[in-house]
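1. My questions concern the predicted model and sequence given below.
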Amino acid sequence: MMTMDQPELHSNISQVRERLSNAAKRANRPASDIRLIAVSKTKPFEAIRYAFAAGITDFGENYVAEGVEKRRLCSDLDITWHFLGPVQSNKTRHIAENFDWIHSVDRLKTASRLNAQRPVDKAPLNVCLQVNIPYEETKSGLTTTSELVELASAIQQLERLSLRGIMAIPPPCADPHLQREQFKLIASLLNTDGLPNHVDELSMGMSGDMEAAIAEGSTMVRIGTDIFGARYT
């Protein structure tokens with residue numbers, strides 16, 4: 001098993017922050033406008049503590065039970081928790097009770113359950129709508145702008161949810177130019193007629209395409225491998 005010590009993790013975070021800052025500078029954007037989410041799925045909670053000590057405050061989890069347990073073990077830390085994975089109906093209560101953001105809503109049934117199960121003593125759950133544009137058969141998400149507007153309009157009526165933006169995972173691509181074309185298409189969805197003006201967050205960009213995503217307006221990048229390492233478990 002590969003291990004990673006605290007100095008190595010801090011070095012990785014410094015390198016990612018430098019990449020983010022340089023990409024923002026090239027795009028004439030303040031780096032502070034881009035939220036760095038450390039994707040900590042399958043990583044031990046100690047790694048989250050190391051990353052938090054290096055200044056990371058946003059963490060993303062794909063598996064509900066794992067994320068809930070890590071939140072419990074890190075309850076003394078002021079962390080913003082993001083749920084990034086597919087949503088199963090029998091897990092919505094745990095998401096509603098334990099996370100601050102969910103990036104993967106693509107059905108009204110899911111949104112309605114989250115709304116009903118969000119505790120009244122917590123702030124509304126921040127929601128990004130997952131789109132599958134450009135379309136990939138193996139991925140979840142809304143596939144048309146009409147679906148996007150319809151779901152956005154319905155969520156606007158749910159008082160325990162706060163609709164914030166769009167999330168997408170475009171097809172893997174090594175060509176920076178093609179990466180930008182994909183992200184440009186996704187970013188253009190924010191200008192869809194009928195979508196509320198305050199829906200302005202773009203959750204897009206990962207370790208291999210962060211720069212292209214930032215160039216096209218990403219406000220949240222989800223970085224796992226380049227922070228924690230591909231085999232660090």
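-> Received, thanks. Residues are numbered from 1 along each chain as shown.

2. Spit out the contact partners of Pro119.
-> 96-97 (CB atoms under 8 Å, 6 or more residues apart in numbering). Quick note: C-beta positions are derived from backbone N, CA and C, even for glycine.

3. how close does it get to Pro30?
-> Distance of Pro119 to Pro30, given as CB to CB, to the nearest Å: 34 Å.

4. For Pro171, give me its contacts.
-> 134, 136, 182.

5. gap between it and Lys139?
-> Plainly put, Pro171 is 9 Å away from Lys139 if you go by CB to CB.

6. swap in Gly224?
-> 17 Å.

7. Between these two, which is the more surrounded one?
-> Gly224 (21 against 16; other CB atoms under 10 Å).

8. confidence score at the more buried one?
-> Residue-level confidence at Gly224 comes out at 95, pLDDT.

9. Name the nearest residue to it, ignoring sequence neighbours.
-> Distances taken as CB to CB, 6 or more residues apart in numbering place Val39 nearest to Gly224, at 3.4 Å, with adjacent residues excluded.

10. Report the beta-bridge partners for the one you found.
-> According to DSSP bridges, Gly60 are recorded as the beta-bridge partners of Val39.

11. and it, how many neighbours?
-> 23.

12. contacting residues around it?
-> Applying CB under 8 Å, 6+ apart, one finds that Val39 lies in contact with 59-62, 84, 206, 222-224, 227-228.

13. hmm, try it at 10 Å
-> Val39 makes contacts with 58-62, 82, 84, 206-207, 221-228, as judged by CB atoms under 10 Å, 6 or more residues apart in numbering.

14. Among those residues, the buried ones, what's the PyMOL command?
-> Filtering those down to the buried ones (16 or more other CB atoms under 10 Å) takes a single PyMOL command:
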select buried, resi 58+59+60+61+62+82+84+206+207+221+222+223+224+226+227+228
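
15. what about the strands in the protein?
-> Using DSSP state E, the strands of the chain run over residues 35-39, 58-61, 80-83, 101-105, 125-131, 161-168, 201-203, 220-223.

16. can you redo the ones you listed as a markdown table with distance to Glu8?
-> Written out in a markdown table, the entries for the strands of the chain read as follows (distance: least, CB to CB, whole Å):
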| stretch | distance to Glu8 |
| --- | --- |
| strand 35-39 | 14 |
| strand 58-61 | 18 |
| strand 80-83 | 24 |
| strand 101-105 | 28 |
| strand 125-131 | 31 |
| strand 161-168 | 29 |
| strand 201-203 | 27 |
| strand 220-223 | 15 |
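
17. right, so of the ones you listed, which gets closest to Arg19?
-> strand 220-223 (9.1 Å; CB to CB).

18. Please list the outside residues in contact with that closest one.
-> 12-13, 16-17, 19-20, 23, 34-39, 56, 58, 60, 82, 84, 101, 103, 128, 164-165, 167, 169, 201-211, 213-214.

19. again, only using 7 Å
-> Strand 220-223 is touched from outside by 16, 20, 34-39, 60, 84, 201-203, 205-207, 210, 213-214, with contacts defined as CB atoms under 7 Å, 6 or more residues apart in numbering.
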